[in-house]
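Engineer: I would like the atomic coordinates for the input below:
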Amino acid sequence: MANKEEKVYFVTGASGGIGSTICRVIAKNDPTAKILVHYHTNKKSAEVLNREIPNSEVFQCDFRNKTEVENLCSKILAKYPNVYGLVNCAGFVEDKDFADRTWNDFEDVFKVNLFAPFLFSQKLGEKMFKNKSGRIVNISSTNGVHTTYPQSVDYDASKSGLNNLTRNCAIEFAPFVSVNAIMPGWVESADMNTQLDKKFLESERKTILKRRFAKPTEIAEVVWFLLGDKGDYITGSILPVDGGIKIG
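Structural biologist: Below you'll find the model as predicted:
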């Protein structure tokens, strides 16, 4: 059980590059914070983060499983009824030719990228509202606004839905809970550099006004701004953090 003076933050997808960086930035800016670290399969990364942030706790959950998501939500609310911050960072994408995309592909992507954030926002947001204090930050994507590649049609649609979920939750939980989304563009990662074609990545850099991809810390610091006191007057916003995308 958290102490009354410490704020509790729940970060989904916290074993990934952006999610783990968000946890570290929260811990740096709020040393007394209790950070709930979620992971799906990368247990090793979550445990490393748990050791690095002493006041943290690790939870495993497969967001494609409705029962697991519901149980995790109930567990968090039972143990941490004063939960203050929710960061829906977990995401799933698997590029595939449009003609090969299946119903199950869509379902899995939507479960992770939209259905789980909906449930956590609904249940934890309701508790924040009753506590008259809270923040929700959704990690969306520029794909939710700019459709470029049909190979990621389900991912794009899920992020568009997440943007709309953000606005609706901001209305539902006003005035006590601020709800916003961040839309990153390309973000540097080890997987990107090893799995994607270098010529393709270079062509993508040329579409960005800053001519580079974001560092995970550049996303995480914006998340912290929205979670912290300085972001109190911002709600219902969908904020691009993409280096400036050149359209056309």
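Engineer: Now do the strands in this structure.
Structural biologist: 8-11, 34-39, 56-60, 83-88, 134-139, 177-184, 238-241 (DSSP state E).
Engineer: and those as a markdown table, adding mean neighbour count?
Structural biologist: For glycine as for every other residue, the C-beta is placed from the backbone atoms N, C-alpha and C. Listed next are the strands of the chain as a markdown table, based on neighbours: other CB atoms under 10 Å:
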| stretch | mean neighbour count |
| --- | --- |
| strand 8-11 | 26 |
| strand 34-39 | 25 |
| strand 56-60 | 17 |
| strand 83-88 | 27 |
| strand 134-139 | 26 |
| strand 177-184 | 25 |
| strand 238-241 | 17 |
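Engineer: Near the residue nearest to Trp224 when sequence neighbours are not counted, how many other residues are there?
Structural biologist: Excluding the flanking residues, the one nearest Trp224 by CB to CB, 6 or more residues apart in numbering is Val25, at 4.9 Å. For Val25, the neighbour count with other CB atoms under 10 Å is 20.
Engineer: tell me the centre residue of this structure?
Structural biologist: Cys89 (1.7 Å; CA atoms, centre = their mean).
Engineer: My guess is that one contacts Gly13. True?
Structural biologist: Yes. Assessed by CB atoms under 8 Å, Cys89 is found in contact with Gly13 at 4.1 Å.
Engineer: what sits in contact with each of these two?
Structural biologist: Applying CB atoms under 8 Å, 6 or more residues apart in numbering, one finds that Cys89 and Gly13 are jointly contacted by 19, 139.
Engineer: Poorly predicted segments of this structure, please.
Structural biologist: For the chain, residues meeting the criterion pLDDT under 70 lie at 1-4, 190-195, 247-248.
Engineer: where along it do the helices fall?
Structural biologist: Secondary structure of the chain (DSSP state H): helices at 17-29, 43-52, 66-79, 103-110, 116-131, 153-172, 190-195, 198-205, 216-227.
Engineer: which one of these lies closest to Asn138?
Structural biologist: helix 153-172 (5.1 Å; CB to CB).
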